[in-house]
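*Asks:* the sequence isn't on hand, but the structure is:
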């Protein structure tokens, strides 16, 4: 880890109690809890960005209903010969 930097954050008493409840439940230090929270926030932000890009791609180039029907037929034909 790079050089650690300390900083102060003001939050409400109820938010602090909630933070303490969850970090104790996971047996984490406050620093580790905050680091993990930031990491999760970054991952969630990236997932949302990727979903928006995926949706935008489908808006720009929507599925062709004919191609979808073809894939459905091919899937049914392949799966119907499988023993379940």
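*Replies:* Done, it's in. Treat the numbers as computed from the prediction; the structure is a model and nothing was measured.

*Asks:* all contacts plus neighbour counts: C-alpha atoms, from now on.
*Replies:* Fine.

*Asks:* gap between stretch 4-17 and the chain center?
*Replies:* Put simply, stretch 4-17 sits 25 Å off its chain's centre (Cα atoms, centre = their mean, to the nearest Å).

*Asks:* in it, what counts as buried?
*Replies:* By neighbour count with 16 or more other Cα atoms under 10 Å, stretch 4-17 contains no buried residues.

*Asks:* try stretch 46-53
*Replies:* Per 16+ other Cα under 10 Å, stretch 46-53 contains no buried residues.

*Asks:* quick one: contacts of it?
*Replies:* Applying Cα atoms under 8 Å, 6 or more residues apart in numbering, stretch 46-53 has no contact partners.

*Asks:* next one: it to chain centre, how far?
*Replies:* The chain centroid and the centroid of stretch 46-53 are separated by 9 Å, computed with Cα atoms, centre = their mean.

*Asks:* any idea which element residue 39 lies in?
*Replies:* In the assignment (DSSP states H and E), residue 39 maps to helix 30-60.

*Asks:* would you indicate which residues of that helix are buried?
*Replies:* Going by neighbour count (16+ other Cα under 10 Å), the buried part of helix 30-60 is residue 33.
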